[in-house]
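> Curious how this folds, go ahead:
(2 chains)
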Amino acid sequence: MLRVIVRRLLQLVVTLIALSALIFIWLRNLPGGPVEALLGERATPERRVLLTKALGYDQPILVQYGKFMQRVVTGDFGNSIRTGDPVTEVISRAFPATIELALAAMIIAVGLGIPLGYLAARWRGRWPDNLTIAGTLLGISIPIFFLGYLLKDVFTQNIHWFPPSGRLTTGLDNTNVTGFFVLDGLLTREFDASADALWHLILPAITLATIPLAVIVRITRASVLDVLNEDYVRTAEAKGLRHRTIRGRHILRNALLPVVTTIGLQTGALLSGAVLTEKVYNWGGIGTLITDSISGGRDYPVLQAIILLAALVFVVVNLLVDLSYAFIDPRVRVR
Amino acid sequence: MSLLDVRDLSVVFQRRGERPFTAVDKVSFTVEPGQTVGLVGESGCGKSVTSLAIMGLLPKRGNKVTGEVLFEGTDLLKLRPDDMRDRRGREISMIFQDPLSSLNPVIPIGVQVAEVLERHQGRDRKQALRESRDLLDAVGIPDPGRRLSEYPHQISGGMRQRALIAIALACKPRLLIADEPTTALDVTIQAQILTLLKQLVDETGTALVMITHDLGVVAGLCDTVNVLYGGKVVERAPRHELFAHARHPYTHGLLNSVPRLDSPRGERLHAIRGSVSDNIPWVEGCAFAPRCDNVVDACLEGPPPLEPTATGGDLRCNNPVSEEVAAR
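Alright, predicted model coming up:
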């Protein structure tokens, strides 16, 4: 097991290095750039040359990359071109917001998706199943930004159940410990802040959860249907076991393998969905940071770091998924 | 009172937009306490469906089960699902054909045995596992303590079937239904498993319903044999009677098609011509008629009745194989 983990971590390092090179080259080939953004359209060519030189963008791209990597291994991702703050600081401010949002969305998607998928399978071909299938189709096909604005319109304008944007009510004092506002409130016993953060979290989390929820429902349903036909479920019935035991121990445990894989793959969708969701609800996480960094003049250092971070999150989550396999399925353990 | 008294059991599969299919057609047979009864026939003759209907394990939708399944006088078909659930695994158990797919791949063997004891005998996990160890030992699994924590893929096919037998007999049921328990196993292992089954049912006084297409299994094990064709019992006889002189042309054909060591070299194996047809059986006469060598006009007019024979069995045939030929 340890060897598997070590091998996967080495693969992760290689992946990240290759990815960093790709991003580095790709970003610098995008039209426009920080120089134009900082100086404006009417800057003289001399000043442009000067700034390009000062930022080091006149050097060959490989040299630039080499210098970048040199700093990265010491944990220094440079400073944001836009604000001048260290990139690590900029990101550590935004990252917890996105993680909090993504986790909440995943809790909704998994917490609702697995039971719904199971019920649909048990009621196959009848109305609960048909309703669920229709719902998942809608969930998959509806664009996130559309759903986001729709929910926002209904639940913040027409009926004032939820706040329209942000992570906390302005003026509310909270102590920042981890950057996860709901958790911070609990840790510091500022329960009003925790509740307020949760209240802000609900709509964006639902918006972000729709696609993974729909996918998880479908995969769970298909997987449970497969398992229901297995001989060992019949054996379990022949033993006279209780419904509860058969469902948990014999059906779901086997049916969850494909679902777990899906959960891992959906983290990718979650990260990209977060960009849109955060825009709609003015969330101030990584998604917002990405859009600001691109439209606000190609903030190379910030963008590079974010994309690498996103890749890191994706690979690590999928590593965890693979490891959880071994936990669920003993046949994987042997290999 | 018989332990199990199956009366006119019918199972009709009905799917929307399709013709109803009668898989089991008014099957009746009895099993006395401690007796071993065989249900014999080729694939599709309704023997597995019969056993699943007795166990209440047929799918909830798409079929209609009629008749009576009296177990110690109680009609199992009329029991509430939860009451049937209380009896399954405790009073009536079943083992299945493929021991690999019949065991849950992600649960240790020990737990799969122990959960029956937890469910029906109120044991806690620790105690149930200790008893499971003894059960595995009793079915001849070597090093049973270690097997408890092993998974089905880690043990051999024969051991898996032994484990399933241990599960089925854990609560000392009155009746065990074995649905082709040796079909998926090597021939050498088959014999071991049959010997084990025989020994265990003898020791515990459990009655056994043996479902098989293999007459060799019947010969070694069963007291009484029911031969099924097209969902109906066509011949019923005590084992010796059946092997000595099978009267029904189908049974006769089955016996003749068993390869024999003492047959002359180069002689071709006997086969029953044709195959189980897709026609709705028994509506326009005897379902076996198209494959039968003894067919007479009456066979095409309507299904022959099941009638007692002089030798203490029952026979459903207009023109049975003559005593002389049968005794050959």
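> On the pLDDT front, check the most centrally placed residue in chain B for me.
Nearest residue to the geometric centre of chain B (CA atoms, centre = their mean): B:I211, 1.9 Å. At B:I211, the model reports a pLDDT of 94.
> Next: B:I280.
On the pLDDT scale, B:I280 is placed at 55.
> Please name the residues that touch A:I25.
By CB atoms under 8 Å, 6 or more residues apart in numbering or on different chains, the residues touching A:I25 are A:I61, A:Y65. (Each C-beta comes from the backbone N, C-alpha and C, glycine too.)
> Mind giving me the packing neighbours of the helix or strand containing B:A114?
Per DSSP states H and E: B:A114 is located in helix B:109-121. Helices and strands touching helix B:109-121, by 3 or more CB pairs under 8 Å, 6 or more residues apart in numbering or on different chains; DSSP states H and E, are helix B:125-138, helix B:157-169.
> May I see the buried residues of it?
By neighbour count with 16 or more other CB atoms under 10 Å in any protein chain shown, helix B:109-121 contains the buried residues B:I109, B:G110, B:V111, B:Q112, B:V113, B:A114, B:E115, B:V116, B:L117, B:E118, B:R119, B:H120.
> Dump the residues you listed to TSV, plus pLDDT and distance to B:Y250.
Shown next, in TSV, are those (pLDDT from 0 to 100; distance: CB to CB, whole Å):
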residue	pLDDT	distance to B:Y250
B:I109	95	41
B:G110	95	45
B:V111	96	44
B:Q112	96	39
B:V113	96	40
B:A114	96	44
B:E115	95	42
B:V116	96	38
B:L117	96	43
B:E118	95	45
B:R119	95	41
B:H120	95	40
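> does the residue of the stretch 51-200 of chain A found nearest chain B belong to a helix or a strand, and which?
Residue nearest to chain B within the stretch 51-200 of chain A (CB to the nearest CB): A:G125, separated by 8.9 Å. According to DSSP H and E, A:G125 maps onto no helix or strand at all.
> cool, B:V27 as well?
Under the criterion of DSSP H and E, B:V27 resides in strand B:21-31.
> C-terminal to that strand, what's the next element?
Next along the chain after strand B:21-31, taking DSSP H and E as the criterion, comes strand B:36-40.
> pLDDT on whichever helix or strand comes after that following strand, on average?
Following strand B:36-40 in sequence order, the next helix or strand is helix B:47-55 (DSSP H and E). Averaged across helix B:47-55, the pLDDT comes to 94.
> quick one, the helix or strand just after helix B:47-55 and helix B:47-55 angle?
Counting by DSSP H and E, the next helix or strand C-terminal to helix B:47-55 is strand B:63-71. Interaxial angle, strand B:63-71 versus helix B:47-55 (axes from the mean of the first three to the mean of the last three CA atoms, to 10 degrees): 60 degrees.
> which other helices and strands contact strand B:63-71?
Against strand B:63-71 (3+ CB pairs under 8 Å, 6+ apart) you get strand B:4-13, strand B:21-31, helix B:47-55.
> Skip the chain neighbours and tell me the closest residue to the most centrally placed residue in chain A.
Central residue of chain A (CA atoms, centre = their mean): A:L271, 3.2 Å from the mean position. In space, and not counting its chain neighbours, A:L271 is closest to A:A310: 5.2 Å by CB to CB, 6 or more residues apart in numbering or on different chains.
> Give me the three-state assignment for A:E237.
The three-state label given to A:E237 by DSSP: H, G, I helix; E, B strand; the rest coil is helix.
> Where does pLDDT dip in the chain?
Since no chain was named, I'll use chain A. Scanning chain A for pLDDT under 70 picks out A:333-335.
> look at chain B instead
Looking at chain B by pLDDT under 70, you get B:276-281, B:324-328.
> How about the residues of chain A by chain B?
Residues of chain A lying close to chain B (CB under 8 Å from any CB of the partner chain) are A:230-232, A:234-242, A:245, A:249-250, A:253-254, A:328-331, A:334.
> Buried only: go through those residues for me.
By 16+ other CB under 10 Å, the residues of chain A next to chain B give A:230-232, A:234-241, A:249-250, A:253-254, A:329-330 as buried.
> which ones among those residues are found in helices?
A:D231, A:Y232, A:R234, A:T235, A:A236, A:E237, A:A238, A:R253, A:N254, A:P330 (DSSP state H).
> my guess is the second one contacts A:H250, does it?
Yes: counting by CB atoms under 8 Å, A:Y232 does reach A:H250; the two are 6.3 Å apart.
> Would you mind listing what in the stretch 1-150 of chain B touches chain A?
So the stretch 1-150 of chain B meets chain A at B:55, B:57, B:85-90, B:93-94, B:96, B:98, B:101-108, B:115-116, B:119-120 (CB under 8 Å from any CB).
> In strands, which of those residues appear?
Assigned to strands by DSSP state E, the following of those qualify: B:S93, B:M94.
> Filter the residues of the stretch 1-150 of chain B next to chain A down to the buried ones.
Among these, those buried by neighbour count (16+ other CB under 10 Å) are B:55, B:57, B:85-90, B:93-94, B:96, B:98, B:101-108, B:115-116, B:119-120.
> tally of neighbours for the nearest residue to B:V49 once chain neighbours are set aside?
Using CB to CB, 6+ apart and skipping the chain neighbours, the partner closest in space to B:V49 is B:A23 (4.5 Å). Neighbourhood size, B:A23 [other CB atoms under 10 Å in any protein chain shown]: 23.
> again with B:A271
Per other CB under 10 Å, the neighbour tally for B:A271 reads 9.
> can you pull the contacts of the closest residue to it other than its chain neighbours?
Of all residues not flanking B:A271 in the chain, B:S257 sits nearest, at 5.6 Å (CB to CB, 6+ apart). The contact partners of B:S257, taken as CB under 8 Å, 6+ apart, are B:L269, B:H270, B:A271, B:I272.
> Give the partner strands of the host helix or strand of B:R236 in its sheet and their orientations.
For B:R236, the element it lies in under DSSP H and E is strand B:232-238. Within its sheet, and counting by DSSP bridges, strand B:232-238 is paired with strand B:224-229 (antiparallel), strand B:314-315 (antiparallel).
> what does the shortest one rub up against?
The list of residues contacting strand B:314-315 from outside it, by CB under 8 Å, 6+ apart, reads B:V233, B:V234, B:E235, B:R236, B:A237, B:R247, B:H248, B:L306, B:E307, B:P308, B:T309.
> Just the buried ones from the residues you listed?
Using 16+ other CB under 10 Å as the burial test, those include B:V233, B:V234, B:E235, B:R236, B:A237, B:R247, B:H248, B:L306, B:T309 as buried.
> Just the closest of those residues to chain A, please.
Looking across the buried ones among the contacts of strand B:314-315 and measuring by CB to the nearest CB, the closest to chain A is B:V233, at 24.1 Å.
> quick one on the thing from earlier: mind putting the contacts of strand B:314-315 in CSV, distance to A:V73 included?
Listed next are these as CSV, based on distance: CB to CB, whole Å:
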residue, distance to A:V73
B:V233, 81
B:V234, 82
B:E235, 84
B:R236, 84
B:A237, 86
B:R247, 90
B:H248, 85
B:L306, 87
B:E307, 93
B:P308, 93
B:T309, 92
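> Ramachandran coordinates for the residue of chain A at minimum distance from chain B?
With CB to the nearest CB, the shortest gap between chain A and chain B falls at A:G240, namely 3.5 Å. Phi and psi for A:G240, reported as degrees, to the nearest 10, are phi 80, psi 20.
> Hmm, B:P81 and it touching each other?
No: A:G240 is beyond contact range of B:P81, at 10.8 Å (criterion: CB under 8 Å).
> What separation do you get for whichever residue of the stretch 151-300 of chain B sits closest to chain A and B:H252?
Closest approach between the stretch 151-300 of chain B and chain A, counting by CB to the nearest CB: B:Y151, at 4.4 Å. Distance, B:Y151 to B:H252, using CB to CB, to the nearest Å: 46 Å.
> Only the buried residues of whichever strand or helix holds A:G287, if you could.
Here A:G287 is covered by helix A:286-295, with elements defined by DSSP H and E. Using 16+ other CB under 10 Å as the test for burial, helix A:286-295 gives A:I286, A:G287, A:T288, A:L289, A:I290, A:D292, A:S293.
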